[in-house]
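Trainee: everything below, folded, please.
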Amino acid sequence: MAERPAAEIAVPSKDPKEKKKEEDKKLDTKANGAKDEEEELSEEDAQLKSELEMLIERLKELNTDLYRPALETLRTLIRTSTSSMTFCSEPLKFLRPHYPGLQELFETWPVSENKSLFADILSVLAMTYSDTEPRGTLRYRLLSASLLPPTSKISEPGSWGHEYVRHLAAELGEEYTIRQEDAPKSKPAPVPGTIEDLHNLGLECATFFLGHNAEPDAVDLFVELEIVDRIASLVDANTFGRVCAYMDRCVTLLPPPDDVTFLRTIHKIYLQFSKFPEALGVAIRLNDAALIRQDFNASGNPVMKKQLAFLLARAQIPIEWLKASASEDADAEDEFPEDILDCLSNTQLSRHFKEFGKEVGVADPKSLEDVYKSHLETTRSGLSANVDSARANLAGTFVNAFVNAGFGNDKLMVEAEEGNSWVYKNKDHGMMSAAASLGLGLLWDTDVGLSHIDRYTYSPEEWIKAGAFFATGLLNAGVRTEADAALALLAEHVENQSVPLKTAAIMGLGVAYAGSHREDLLALLLPAVADDGVSMEIAALSALALGFVFVGSGNGEITSTILQTLMERDDKALDEKWGRFMALGLALLYVGLQDASDATLETLKAIQHPISRQAQILVEVCSFVATGNVLRVQRLLHLCGEHLDALKEKEQAESAEGKKDEHKDEKKEDKKPDDTFQSFAVLGIAMIAMGEDIGAEMSMRQFNHLMHYGDPIIRKSVPLALGLISASNPQLPVLDTLSKYSHDHDLAVALNAIFAMGLVGAGTNNARLAQMLRQLARGLVHMGKGTIGINPFFSDRNIMSRPAIAGLLATIMAFTDAKAFVLDKYHWMLYFLVTAMYPRFLITLDEDLESKPVTVRVGQAVDVVGQAGKPRTISGFQTHQTPVRLGTTERAELATEEFIPYAHVLEGFVILQKNPGWEKEDTMQM
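Mentor: Below you'll find the model as predicted:
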């Protein structure tokens with residue numbers, strides 16, 4: 001066995017070296033101009049080489065008649081080889097050594113058409129010298145154009161092949177940047193032509209790109225030349241979809257104001273091709289009332305109008321925006337047809353949601369036992385089994401409310417017999433939350449709901465009455481009715497003497513009319529903000545309610561009033577725990593407005609109290625929510641990195657100059673407000689990064705660092721930030737991290753981590769999470785029995801719902817100091833989540849808005865932007881009959897082409913139209 005010949009075939013190690021030497025020798029001989037090269041070339045190549053050299057000789061002769069044919073032949077030879085640039089073309093390889101000589105020759109020629117053609121050829125040759133002579137291609141291209149007489153036209157850049165156009169586009173961008181910066185010209189010969197010439201050449205290149213499936217290249221070129229808006233004139237029916245998809249993906253990566261320019265361009269293109277739902281989606285993202293109205297009225301088709309109305313209702317756009325203002329159009333119809341108004345007001349939501357529950361088989365109410373599954377637990381059931389503790393019952397209130405939300409049939413509250421209601425199993429302030437849970441159980445069902453709640457409004461018990469008021473507000477969240485019940489019932493109590501009743505009425509209005517921008521509420525709630533006589537609690541909650549109602553409006557009147565209050569209130573009032581909610585109310589006015597908040601930020605800097613820093617961060621964060629703005633995130637990280645010991649010393653030095661009171665108080669006061677802003681900065685990172693996946697992923701890593709190195713205040717905010725960034729989107733890494741934090745030795749961190757797990761799993765029925773959790777957070781996980789989510793993004797996670805952001809932020813704000821709010825007597829703040837709660841369904845309707853079951857495929861959404869061909873947009877799909885439930889990262893598509901959807905994204909309510917060209921398979925057979 002040992003003598004097998006295989007073992008002896010060893011490769012000597014010296015061999016490759018000799019080969020290498022031979023290669024080196026070859027290179028040397030080549031460099032010495034030896035004639036080996038001639039022998040190595042094939043016959044065709046040798047012939048081509050001699051032909052090219054002969055043509056160059058011709059150009060050097062004195063006989064000018066030979067120039068034209070020589071140049072023409074050169075052009076033909078180069079073109080035939082460069083049209084498909086897969087390898088280094090032969091003519092360019094042979095002509096490269098002659099390039100410097102040809103350049104000198106070019107300078108000696110007089111201006112003529114021949115010289116222009118010569119420049120065109122040099123422009124192609126310059127590609128081979130791009131590393132030593134930058135932008136030569138562009139220079140000769142522009143020279144060639146400038147040398148032509150006005151009558152004749154230069155050849156298309158595309159005629160030289162794809163690689164040439166890409167080269168030209170790259171050099172165009174470089175040249176444009178250099179001209180914008182006015183840098184000293186660091187190259188041998190300056191590039192001729194004006195900026196306008198560069199733009200025109202860019203348009204030619206972009207046209208070529210769009211014609212050759214290179215839409216991203218065209219968009220990138222226009223970004224470099226800063227003329228993105230011109231792309232609208234170049235796209236056609238085949239390319240506009242891909243161009244818009246690519247531009248849409250870029251929006252989160254662009255600094256302002258470019259992102260807005262991009263969105264407006266996309267909007268223009270969609271309108272050009274009558275894609276109304278897509279255009280309206282972009283208008284909603286821009287938060288531009290005029291555009292939204294124009295898009296809504298652009299379509300003449302009443303069915304399309306209904307579909308657009310569903311989209312507007314989901315985004316909770318104020319109906320007033322759709323009505324033309326008196327000055328613009330006196331004859332405009334002020335009232336919409338009944339069916340469109342129904343879609344706009346979400347009045348059918350409750351009916352469809354209950355039907356959906358029946359279809360999916362979750363319509364029956366779940367008792368607490370069903371949720372807790374406590375009979376499966378191994379603990380000893382001793383005496384404690386039958387004792388009703390107020391705390392446990394309070395938790396039960398919330399679990400019951402969230403799990404049975406929207407179905408209107410839970411056993412504890414809605415269906416309970418008179419006198420045996422769950423309300424009476426709670427103490428004092430617990431009764432308020434219990435009564436308010438009615439509003440959640442009957443969510444969106446305005447007709448039946450009010451009669452149920454009504455009986456509690458006459459209760460002698462103040463807390464129950466307050467809960468009933470709040471329930472009235474919750475009931476109407478996101479639904480607009482003719483009756484305006486919430487306003488009618490609650491308005492009178494805003495002035496009530498009793499604090500619980502007053503706060504309930506104020507917040508009830510805030511939740512019920514979130515995002516509606518109703519002017520009549522302004523007059524009702526604003527006085528309480530400005531009144532120095534009322535407690536900070538009332539003032540702050542009024543400010544918060546106004547923030548809910550006018551979210552993202554930038555309303556000047558409210559802004560100035562809140563700023564005025566922050567300036568005039570004494571320090572003691574501002575030190576209260578309620579200050580943060582007043583700052584939040586101010587911040588919510590600027591959700592998504594980006595730079596519009598600058599003036600407010602400047603004003604806040606003038607306030608001499610630590611609350612000004614908190615407010616600055618909140619306002620800035622809300623303005624840039626979901627933009628993925630890197631610079632802002634860096635600034636926030638910087639704030640999180642400040643360690644307070646250093647700050648304390650600095651402030652002591654400052655305060656020593658000013659006033660020398662008792663040091664004890666000062667220290668206390670310095671310390672307390674000082675670290676709250678860091679808590680908001682951590683949340684801010686999540687707010688800004690939540691819009692796009694890459695930013696969100698990167699922020700997770702930062703949170704990990706903050707958790708390791710941050711001060712206690714930062715550590716307790718990190719779980720909340722994690723919950724915010726992946727609301728209703730339970731991914732394993734997030735779950736594991738939170739599960740780890742929920743066993744933290746710091747109680748505040750553990751508490752927040754448990755709540756964050758509830759947020760992350762909200763409405764997903766995630767089994768893994770449900771095992772980890774007990775009680776309240778488990779109630780969130782089974783929200784609406786797994787049919788309601790709280791993720792603020794919808795329509796393929798492109799459009800952000802502003803009221804949802806407001807609700808999430810307000811709830812999380814209550815947890816930044818859980819001891820003072822949620823664990824004290826303000827647990828009803830958990831109900832702020834209502835504005836973010838929305839069913840995660842897909843319901844297909846026919847043109848009369850009746851349910852129409854069709855088969856759809858549901859799978860994980862795949863990002864196919866910029867991919868060639870028509871790749872699948874979903875992966876790992878299952879086929880279901882509508883109505884179906886969609887997860888946060890899932891996407892649906894119709895299984896057959898029997899129907900054409902009016903909407904561009906299958907989510908929520910989708911109206912279908914029969915496809916006229918569709919034939920059933922059995923009828924197609926002969």
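Trainee: helices of the stretch 451-600 of the chain, start to end?
Mentor: Along the stretch 451-600 of the chain, counting by DSSP state H, counting those that start in this stretch, helices occupy 462-475, 485-490, 499-512, 519-530, 536-549, 556-568, 571-575, 579-588, 598-605.
Trainee: can you check the stretch 751-900 of the chain too?
Mentor: Read by DSSP H, counting those that start in this stretch, the stretch 751-900 of the chain holds these helices, from start to end of the chain: 767-772, 775-781, 802-815.
Trainee: for the residue nearest the centre of the chain, helix, strand, or coil?
Mentor: When the chain is reduced to its mean C-alpha position, the nearest residue by CA atoms, centre = their mean turns out to be G691, at 3.0 Å. Under DSSP: H, G, I helix; E, B strand; the rest coil, the three-state class of G691 is coil.
Trainee: quick one, what contacts it?
Mentor: With contacts defined as CB atoms under 8 Å, 6 or more residues apart in numbering, G691 is in contact with 252, 625-628, 793, 800. The C-beta positions use only the backbone N, C-alpha and C, and glycine is treated the same way.
Trainee: and for C205?
Mentor: C205 neighbours (CB under 8 Å, 6+ apart): 157, 165, 168-169, 172, 218, 221.
Trainee: the same query, at a cut-off of 10 Å, please.
Mentor: Remark: with contacts taken as CB atoms under 10 Å, 6 or more residues apart in numbering, C205 is in contact with 156-158, 164-170, 172, 214, 217-218, 221-222, 225.
Trainee: if we can go back for a sec, next, the residue nearest to the centre of the chain: phi, psi?
Mentor: Backbone torsions of G691, given as degrees, to the nearest 10, read phi -70, psi -40.
Trainee: thought Y902 was touching F276, still the case?
Mentor: Yes - F276 sits in contact with Y902 when judged by CB atoms under 10 Å, with a separation of 8.8 Å.
Trainee: so what sits against both of these two?
Mentor: Counting by CB under 10 Å, 6+ apart, the residues touching both F276 and Y902 are 299, 301, 304-305, 307-308.
Trainee: before we move on, back to that, return the closest of the contacts of G691 with respect to L823.
Mentor: Taking CB to CB as the measure, L823 sits nearest to V625 out of the contacts of G691, at 27.7 Å.
Trainee: which residues does the spatially closest residue to that closest one that is not a sequence neighbour contact?
Mentor: Sequence neighbours aside, M687 is the residue nearest to V625 in space, at 4.9 Å (criterion: CB to CB, 6 or more residues apart in numbering). For M687, the contacting residues are 587, 591, 618, 620-622, 624-627, 632-633, 636, 680, 699, 721, 724-725, 805, 808-809, 812, by CB under 10 Å, 6+ apart.
Trainee: if I look at M687, how far off is R230?
Mentor: 34 Å (CB to CB, to the nearest Å).
Trainee: before we move on, what about G554?
Mentor: 30 Å.
Trainee: show me where pLDDT drops low in the stretch 151-300 of the chain?
Mentor: Low-confidence segments of the stretch 151-300 of the chain, defined by pLDDT under 70, are located at 182-189.
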